[in-house]
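Q: Got a predicted structure plus its sequence, pasted below:
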Amino acid sequence: MKEKIKFFIGRIKAGRLQEMWRQTLWIYQYARHHWFAMIFYTLLGMVGTLISLGTSLISRDLVNIITNFDNGGTPKAVVNTFCVMIGLNIGTAVISQISDFASNYLSMRVDAEIKSDIFGKILVTDWESLTGYHTGDLLVRWGSDASAISNGVLNFIPNAIIYVFRFVSAFAMVVVNDASFAIFAFLGMPVSLLLSKTLLNRMVNNNKRSAAMGAKMSGFNQETFSNIQVIKAFDLIRLYIERLKQLQKEYITMRMDFQKMSIWTSLLLTTVGLVVSYASYGWGIYRVWSGAIDYGTMTMFLGLSGTLTGTLNNLTSLVPTAIGLTTSAGRLMDILEMPREDYSADDEVQQFLEAHRSEGISLAVDDLRYSYRNGTEVFHHASLEAHPHEVVALVGPSGEGKTTMIRLILSLMQGQEGEAVLSGGADSVKLSPSTRKLFSYVPQGNTMFSGTIAENMRNVLPEATDEEIIDALKMACAWDFVERLPEGINSTIMERGGGFSEGQAQRLSIARALLRRSPLLLLDEATSALDVATERQVLKNIMKDEYPRTCIVTTHRPSVLNICKRVYAIRDKRCVVLDEAEIDDMIRNF
Ligand SMILES: Nc1ncnc2c1ncn2[C@@H]1O[C@H](COP(=O)(O)OP(=O)(O)O)[C@@H](O)[C@H]1O
Ligand SMILES: [Mg+2]
């Protein structure tokens, strides 16, 4: 039984170390771009070490001169040595300021670089995989974990080298002056080694807990602040304050656990340091007393023994740093190793677009099957088609799969069976993330960004003129209310369309989609907040427009169905074309 447990623990450890190794390699990918900064840091640290060793040599001389006035020590020598010491101290201060400045600058640059790289990678991660994570969690991973990596990349290796260098050079100085002191350098080592081994496992767990807690907090804050209206409306203010307090309590408990561990660690290390310095003190007194060394050498040794124990502690502290780093790397790898979207058809799609923009592009979905990852099958043998100058409707009660079909058309998700292609003339391209550039999309809900109306419009078409913006607003029946605003198209939209009614924000979203002049337009319940007359008018405007647009609208309201070219209803996971009688029936029974 015991053997089995041991074997099992061994296996787990192998797994963990292997995992850490993989994470280290991942960090190395970033580290190797910053070798220049690392060398810079290392050199600075080494210069600092040399200066401080120089200072201990000088202080030895100073003590020796003072204690040796009878044997040739002169006031002039004292003044000179003092001056050198002051010079070295000023040098240290100046170097430390310069290095602070340089290190801040480098850290910020590396941090920005790594973050923008990870940002870009997260944005091209498969959408469905990404939706498994709370945005609060994503924010923490992208923010704190990426910062941890950038700091670690810059500091870890240089620090390791500097500490080793400092240890070796201080040690060498000890050996050169009096080899018998060398033993004190290693006195603390067994404890340090023992400590780093036991710390390893606890640190890994602690770091994971801490990261999970951070994600939970961030998610809570983010959801609370973006839903203040709901919290007020349901009178949940007290409940949410209580929830925050509960989370804070959990956080504090976790931090205190962590704190306890670090208190014990530092108590132990301090005790070891004290024992070592008392021992070297004692040994030093003995050596001076027996005439083996002079006073100056003894003072120098006392300083050096402090440096040696301190450096060993520093080396030990690299263990938790390494664990923190690899934990952060692991959390970023979770995200970055999810499937990436495939944009390899970008060029092909661009050529296809240029060849067929003028006559328009058709969409055909054929025999599609799609299940969400949780097993919900939404489509099986589903087919539909839409052509330029057509408005095609997809109807059905809520939850039937209208939005899912739009997501499939946008290649946010891929069907498990069947085919979906865009065609123009005899050419065709398969739907893929690359084909998204052919679509304009108006999703459910409010998706305007904060900024002015014109800025929102130019987000999708930077070179749009005011006239083009106004034309798009007119087509979306939004111009009548925008025109009446004191600042017209330069009026400000607040976060998530704030400052406008839902129907107005919907019309602004439609205008934005129209302005982009994409060959295909997808409206997902995009007219749900409009009155029936305006809804019909918007769709009629789109149909009348001479631009060869293929338009698919989803709706649960049948009020516009009789102006659509074709109407599909989702039934038994298929898309079924409705005939006129069925459409009339739907309109009557609505
Ligand atoms: N991210 C998701 N993961 C799992 N199931 C989902 C997801 N999104 C939607 N569904 C399920 O797919 C079905 C269709 O949803 P949806 O396409 O949003 O419906 P509609 O837009 O027609 O109201 C629903 O039964 C819903 O439960
Ligand atoms: Mg929907």
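A: Cool, the structure landed. Ligands and ions are numbered 1, 2, ... in the order given.

Q: how many neighbours does Val442 have?
A: 24 (other CB atoms under 10 Å). Every residue, glycine included, has its C-beta placed from N, CA and C.

Q: Check Leu50 too.
A: Counted by other CB under 10 Å, the residues lying close to Leu50 total 13.

Q: Which single residue of the stretch 51-200 of the chain ends up nearest ligand 1?
A: Nearest residue of the stretch 51-200 of the chain to ligand 1: Thr131, at 5.7 Å (CB to the nearest ligand atom).

Q: quick one: pLDDT of the residue of the stretch 51-200 of the chain found nearest ligand 2?
A: Nearest to ligand 2 in the stretch 51-200 of the chain, going by CB to the ion, is Thr131, at a distance of 14.9 Å. Thr131 carries a pLDDT score of 91 in this model.

Q: and it, how many neighbours does it have?
A: 13.

Q: With the one 3 residues further on instead?
A: The number of residues packed around His134, counting by other CB under 10 Å, is 16.

Q: ok, the closest residue to it other than its chain neighbours to Thr135 distance?
A: Once flanking residues are discounted, His134 sits nearest to Gly219: 4.5 Å by CB to CB, 6 or more residues apart in numbering. Taking CB to CB, to the nearest Å as the measure, Gly219 falls 7 Å from Thr135.

Q: got it, and Val349?
A: According to CB to CB, Val349 and Thr135 sit 29 Å apart.

Q: ok, the two, which is more surrounded?
A: Counted by other CB under 10 Å, Val349 and Thr135 do not tie: Val349 has more neighbours, with 21 against 14.

Q: Next up, identify which helix or strand that one is on.
A: Using DSSP states H and E, Val349 sits within helix 346-356.

Q: for Tyr568, same thing?
A: Using DSSP H and E, Tyr568 falls in strand 566-571.

Q: in that strand, what counts as buried?
A: Of all the residues in strand 566-571, those buried under the rule 16 or more other CB atoms under 10 Å are 566-570.

Q: The residue in the chain that ligand 2 sits nearest to: which element?
A: Across the chain, no residue is closer to ligand 2 than Thr403, which sits at 3.2 Å (CB to the ion). Applying DSSP H and E as the criterion places Thr403 in helix 402-409.

Q: quick one: contacts for the closest residue to Ala148 other than its chain neighbours?
A: Nearest non-adjacent residue to Ala148, counting by CB to CB, 6+ apart: Ser328, 4.0 Å away. By CB atoms under 8 Å, 6 or more residues apart in numbering, the contact set of Ser328 is 144-146, 148-149, 152, 211.

Q: go on, Ser432?
A: Ser432 touches 342-343, 345, 349, 411, counting by CB under 8 Å, 6+ apart.

Q: Narrow those to those that are buried.
A: 345, 349, 411.

Q: okay if I get these as TSV plus distance to Thr92 and pLDDT?
A: Converted to TSV, these look like this (distance: CB to CB, whole Å; pLDDT from 0 to 100):
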residue	distance to Thr92	pLDDT
Ala345	59	95
Val349	61	96
Ser411	60	95
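
Q: which strands and helices sit next to the host helix or strand of Ser59?
A: Ser59 belongs to helix 35-67 when assigned by DSSP H and E. In this structure, helix 35-67 packs against helix 75-123, helix 146-178, helix 295-336, with contacts taken as 3 or more CB pairs under 8 Å, 6 or more residues apart in numbering; DSSP states H and E.

Q: Can you point out the helix or strand that includes Leu363?
A: Here Leu363, judged by DSSP H and E, is contained in strand 362-371.

Q: quick one: average confidence on that strand?
A: 96.

Q: swap in stretch 393-406?
A: Taken as a whole, stretch 393-406 has a mean pLDDT of 92.

Q: where in the chain is pLDDT low?
A: 1-2, 4-5, 7-15, 69-73, 185, 196-197 (pLDDT under 70).

Q: Show me the strands in the stretch 351-500 of the chain, by range?
A: Counting by DSSP state E, counting those that start in this stretch, the stretch 351-500 of the chain has strands at residues 362-371, 377-386, 391-395, 417-424, 427-430, 439-442, 451-452, 492-493.

Q: Dump the ones you listed into a markdown table; add distance to ligand 1 as well.
A: Below are the strands of the stretch 351-500 of the chain laid out as a markdown table (distance: least, CB to the nearest ligand atom, whole Å):
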| stretch | distance to ligand 1 |
| --- | --- |
| strand 362-371 | 9 |
| strand 377-386 | 5 |
| strand 391-395 | 8 |
| strand 417-424 | 16 |
| strand 427-430 | 22 |
| strand 439-442 | 14 |
| strand 451-452 | 28 |
| strand 492-493 | 25 |
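
Q: Which parts of the stretch 451-590 of the chain are helices?
A: Residue ranges of the helices in the stretch 451-590 of the chain, as given by DSSP state H, counting those that start in this stretch, are 453-460, 466-475, 479-484, 502-515, 532-544, 580-589.

Q: got the angle for the helix holding Ser59 vs helix 295-336?
A: Here the directions of helix 35-67 and helix 295-336 differ by 160 degrees (axes from the mean of the first three to the mean of the last three CA atoms, to 10 degrees).

Q: now the strand holding Leu363, how far from the centre of its chain.
A: Here strand 362-371 is found 34 Å from its chain centre; the criterion is CA atoms, centre = their mean, to the nearest Å.

Q: And that strand, what does it pack against?
A: Strand 362-371 packs on strand 377-386, helix 402-409, strand 417-424, strand 550-555, going by 3+ CB pairs under 8 Å, 6+ apart.

Q: Pick the most deeply packed of these.
A: The highest mean neighbour count among the helices and strands packed on strand 362-371, using mean count of other CB atoms under 10 Å, belongs to strand 550-555: a mean of 24.

Q: what are the pairing partners of that strand, and which direction each?
A: If you go by DSSP bridges, strand 550-555 pairs up with strand 391-395 (parallel), strand 520-524 (parallel).

Q: about what we covered before: okay if I get the contacts of Ser432 as CSV plus distance to ligand 1?
A: Shown next, in CSV, are the contacts of Ser432 (distance: CB to the nearest ligand atom, whole Å):
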residue, distance to ligand 1
Asp342, 21
Tyr343, 23
Ala345, 25
Val349, 25
Ser411, 15
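
Q: want to try JSON lines for those, with distance to Asp178 as columns?
A: Shown next, in JSON lines, are these (distance: CB to CB, whole Å):
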{"residue": "Asp342", "distance to Asp178": "68"}
{"residue": "Tyr343", "distance to Asp178": "67"}
{"residue": "Ala345", "distance to Asp178": "74"}
{"residue": "Val349", "distance to Asp178": "76"}
{"residue": "Ser411", "distance to Asp178": "74"}
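
Q: Kindly reformat those residues as JSON lines containing distance to ligand 2.
A: Below are those laid out as JSON lines (distance: CB to the ion, whole Å):
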{"residue": "Asp342", "distance to ligand 2": "26"}
{"residue": "Tyr343", "distance to ligand 2": "26"}
{"residue": "Ala345", "distance to ligand 2": "27"}
{"residue": "Val349", "distance to ligand 2": "26"}
{"residue": "Ser411", "distance to ligand 2": "18"}
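
Q: Can you tell me the closest non-neighbouring residue to Arg22?
A: Excluding its sequence neighbours, the residue lying closest to Arg22 (CB to CB, 6+ apart) is Met333, at 7.9 Å.

Q: Ok, Arg407 next?
A: Nearest non-adjacent residue to Arg407, counting by CB to CB, 6+ apart: Met413, 5.2 Å away.
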